[in-house]
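Trainee: take a look and give me a structure for this.
(3 chains)
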Amino acid sequence: MTAPTSPILDAHVPDGPIWAKWDKHRFDTNLVNPANRRKYDIIVIGTGLAGAGAAAALGELGYNVKAFTYNDSARRAHSIAAQGGINAAKNYPNDNDSIFRLFYDTVKGGDYRSREANVYRLAQVSNAIIDQTVAQGAPYAREYGGLLDNRSFGGAQVARTFYARGQTGQQLLLASYQALARQVGLGRVQVFTRTEMLDVVTKDGRAAGVVVRDLVTGEISSHSAHAVVLATGGYSNVYFLSTNAMNCNATAAWRAYRKGALFANPCFTQIHPTCIPVSDEFQSKLTLMSESLRNDGRIWVPANPDDPRPPNEIPGADRDYYLERQYPTFGNLVPRDVASRAAMRMIEENRGIGPLKNGVYLDFADAIDRLGRETIEERYGNLFEMYQRITDEDPYTVPMRIYPAPHYTMGGLWVDYNLQTTVPGLFAAGEANFSDHGANRLGASALMQGVADGYFVLPATISHYLSDWLNVDPVPTDDPVFVEAEAAVTAKIRRLLDIGGTRSVDHFHRRLGHIMIDYCGMSRSKEGLEKALDEIAALTEEFWRDLKVLGDNESMNQSLERAGRVADFLELADLMVRDALDREESCGGHFRVEHQTEDGEALRDDEHFAFVSAWEWEGEGVAPIRRKEPLTFENVELTQRSYK
Amino acid sequence: MPTTNKRAEVNRRSGWGEWLGPFFTSDLGLKWLMALTGIGLLGFVLVHMVGNLKVFFGAEEINLYAESLRELLYPLVPKQSVLWMFRIGLAAMFVFHIWAAWVLTNRSHKARGDIKYQAKRRYDAVNYASRTMRWGGVIILLFLIFHLADLTFGYANPEFVPGDVYNNMITSFERTPVAVIYIVAQVVLALHIYHGAWSMFQSLGLANPRFNDWRRWFAVAFAVVILVGSTSMVLAVQVGYLTL
Amino acid sequence: MDVRLRVWRQPKGDVTGEFIDYEANDVSPEASFFEMLDQVNEALNHAGEDPIAFDSDCREGICGACGLMINGSPHGPQQGTATCQVHMRKFTDGQLITIEPWRAAAFPVIKDLVVDRSIFDEIIESGGFISANIGSAPDANAVPVPHTAAESAMDAAACIGCGACVAACPNSAANLFTAAKITHLNLLPQGQPERYLRTVAMVETMEEYFGSCTNFGECETACPKNISIDVIAWMNRDFVAAQWKNLLKAGQA
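Mentor: Numbering: from 1, shown residues only, chains lettered A, B, ... in the order given. Okay, here's the model as predicted:
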């Protein structure tokens, strides 16, 4: 299936050599002088690393900022759950790292589907991130001399990952949250907690504000501003079971899409290989075990799928260390997408382990023999504890059971070099945009991008747009565009409450998740995707006919919140499947079974698909239009990834 | 809702503490005051007990000890003047200790709110001593009043002879109900010390993972010494070891 | 397994609440506590009754959104574990489980088991930060941080802001929460310039809403991150020191 296309997108990437682009761009950017900044209102949706960072940075610059979060505190955004670390090109370990190497590794890891200039800028500002967060009090791990410690991570041959135990995301988010809190105390930022954005409002083609719902009182209200920043995270929850938090959703990004912002590469999702397998049908959430475990753990399944012996009694000869067998060079350290697909193949061949035959073993017995239990405890103690809490099994004596789970979405709102969407005045930062990770994200890079966008990129680029609107008031919230948007939001809520069917929101969400993981998960086929399109359409129809949401809109109603989010997931799922169908190649996390090498590896088609697919909403019930941003690679050479 | 929405403030700081300075309107300041006065009172309790243990050495020894208290720094200063300074200081420590406890208790009750836990709470760290600090304190205060009336002023002891400490102690402790009062009060005091002598390190900020066990042992030892020392006198009289 | 539940139901903040009994049948012992409640809610929704409202987001024990009083213990029976990481295997078949929201004057109930903890944000806003404007930081290795200081700061910084310390405290004191943040920042070299101003500002904000610490230690056993009450002692020490430091300050801290 080939979608209709329209003119090529311009990413506004500055000219010049790649290392000079960001400096040149900042010089060419129009500024807002410090005395004028207080005349501007900016709305930030989401208070994760990107959102809280942007709100704090913009507040420090002197803009009036309103920040919104559905949580009861800005400190709870899901950035907090990142475990492993954050990359930076500091080269403190003296192991030959550089900005160019970080850039190169990230582009290669993303399977050559990201925009060179953005990735290079990310590598450039990475060092400032470490400086800034240290100054803000993030308690990174230290050597005994008091200097920063580094560790290595997947996809890189240098140790460039800074970390704070297994809680790096938490410590970085708290640093941003505290910077934000400082601005709240100073009166420059107002934080609206338990408030969910339900629509973007545009006037004359540019962003004018948002419509939000107070999750406690149900009150619908509008907020206007000169610019709106969406930092609302990814959409892995479209799969229902994912490592995302329960309330992570795509509503803000999806509403923006329906208001004219393009949605890029929706089919680029990351399935993380080391999660704890599902244990029962009511499971609500999957838990990630850090990628770092693969440094010392060996992955295997029994050679005989019906082997009745407990795992630690199966001798080495009767085990299949399939990653080491298939990828002798990289072994257990192949990239995430490769490891995930290999595990999936094992399960599909009915060689899975555990009570539900839905996992593979990650075994530390050899590592414990080699290094001693104490060393393993030091390295992974907190992860082992977490595993034991969830499964009630002791990973020191019984091999861990793991299985891949949806974890991160590389796709998101299309943004140009300024992080501006195709709607002027509407910006997207962090996981909500698509820009830096191509078709596969490397470990410890999500935190880097979130902080980079929020602290350094957006505050620098937003002034260019704002400078045109000096002394122009934002559109008042009693303007017809706001009145209409509020009415539409209210009508949709009414509609959800009035269906009066028989099935709960979770019921539909769970079914959607099954369709997506089966047909648009780790591997995708034309046949399956087409089937998925039909099933999603049928499920959507059933949803709007048979949904049952109790209660009212005038008080806290968690089912109603979820219903709105699932309604948007249903629409997004359709777009993801269309994008997966449209991209007739395999790259990174997008694996089309029709496009693989003889050994079953992803086969890219650079000739026909070296571009970003950016989808444009054409209206209810009309197929969206795919637009293209061609990707040119002037600084890295496109090669086929091989991990044999 | 914006985070700037304020909830009703339960502890608007005010009261007598303002007269002492802003530090003493603060909970932490009051706890510091309680710890300091607590140390003073611990010192008093210990010295008081050691002095009175002289009762085991006979009437002459203990009466001499009592007389020496009146003659501290005499003839430099008039008789009893140092004793009275001690008494005033002690009274002040009691007053501040109790006042701080009163203010903090009220604030905590307000902070707890109108709706308490409706189901039974399960406590893991709270012990009998820490839970009874407030009522224990009240009991100790009541005992103190009785004790002063009994052995300092003699109102509660018909056989009281001013100056003859040995006689007063024996005649008082010979009465079984009074002996029971003394022993119960010492148990309550020991519990109060068990938590207080540990807690004061926290309030003063003296914590270090390396020495934290030592704080607990200090409190246990102090409480045991006071309990054993004080009750030994009462029991010695009751079993007839000490007689007139 | 089957369990009986006694759940606090309160439609709105200003309405009186009550315990209502429910049954959760055929619960997998592998299920998490919230998955059990999800199952109960599914049944309630089916029966046309309003599902039980509770806060829960990451379900990995790190976001701090969750917090239930389970059988009189904050976050339930397992020490060092947030509610979302408690699993049903910790209960016995047929057991009666009582579930209440956090209770404190500063944490008013919004609905059922959901309470308003936004005062915690206010405490942080009053001083729980290091004023380092973005862009103005020196090189990350310019100021060495002793290994032990970094480790102890990290121990304190592990706080997830769930409010279990307040919920557990018979005085509704927030000393563990406040002290954890003060300790995190005051231990680091980067936190020194504002050390004593921060301590006073945060303590003052805390004391406006919360009770006073009587060193029960109940907060420590309730804390899902096992934060030690040593941090409270260190806050006390810095608060007393601040009285002199701030008074005598003439240029330098």
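Trainee: find the closest residue to chain A in the stretch 1-150 of chain C.
Mentor: Closest approach between the stretch 1-150 of chain C and chain A, counting by CB to the nearest CB: C:Pro144, at 2.7 Å. All C-beta atoms are positioned from the backbone trio N, CA, C, and that covers glycine.
Trainee: near chain B, anything from the lengthiest helix in chain A?
Mentor: If you go by DSSP state H, chain A has its longest helix at helix A:558-582. No - contact of helix A:558-582 with chain B (CB under 8 Å from any CB of the partner chain) is absent, the minimum separation being 15.2 Å.
Trainee: who are the packing partners of that helix?
Mentor: Applying 3 or more CB pairs under 8 Å, 6 or more residues apart in numbering or on different chains; DSSP states H and E, one finds that helix A:558-582 makes contact with helix A:251-258, helix A:480-498, helix A:505-520, helix A:526-546, strand A:611-616.
Trainee: wait, does the longest one make contact with chain C?
Mentor: The reference is to helix A:526-546. No - judged by CB under 8 Å from any CB, helix A:526-546 stays clear of chain C, getting no closer than 12.5 Å.
Trainee: export that helix to PDB, keeping only CA atoms.
Mentor: What follows is helix A:526-546, C-alpha atoms only, in PDB (Å, rounded to 0.1, in the frame of the first residue of the first chain):
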ATOM      1  CA  LYS A 526       1.800  -7.000   5.200                       C
ATOM      2  CA  GLU A 527      -0.900  -9.600   5.800                       C
ATOM      3  CA  GLY A 528      -0.900  -9.000   9.600                       C
ATOM      4  CA  LEU A 529      -0.900  -5.300   9.300                       C
ATOM      5  CA  GLU A 530      -3.800  -5.300   6.900                       C
ATOM      6  CA  LYS A 531      -5.600  -7.600   9.300                       C
ATOM      7  CA  ALA A 532      -4.800  -5.200  12.100                       C
ATOM      8  CA  LEU A 533      -6.300  -2.300  10.200                       C
ATOM      9  CA  ASP A 534      -9.600  -4.100  10.000                       C
ATOM     10  CA  GLU A 535      -9.500  -5.200  13.600                       C
ATOM     11  CA  ILE A 536      -8.700  -1.700  14.900                       C
ATOM     12  CA  ALA A 537     -11.600  -0.300  12.900                       C
ATOM     13  CA  ALA A 538     -13.900  -3.000  14.300                       C
ATOM     14  CA  LEU A 539     -12.700  -2.400  17.800                       C
ATOM     15  CA  THR A 540     -13.100   1.400  17.400                       C
ATOM     16  CA  GLU A 541     -16.700   0.900  16.300                       C
ATOM     17  CA  GLU A 542     -17.300  -1.400  19.200                       C
ATOM     18  CA  PHE A 543     -15.700   1.000  21.600                       C
ATOM     19  CA  TRP A 544     -18.000   3.800  20.700                       C
ATOM     20  CA  ARG A 545     -21.000   1.500  20.900                       C
ATOM     21  CA  ASP A 546     -20.300  -0.700  23.900                       C
END
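Trainee: now for it, which elements pack on it?
Mentor: Secondary-structure packing of helix A:526-546 (3+ CB pairs under 8 Å, 6+ apart): helix A:505-520, helix A:558-582.
Trainee: what's the closest of those to A:Thr375?
Mentor: helix A:505-520 (36.5 Å; CB to CB).
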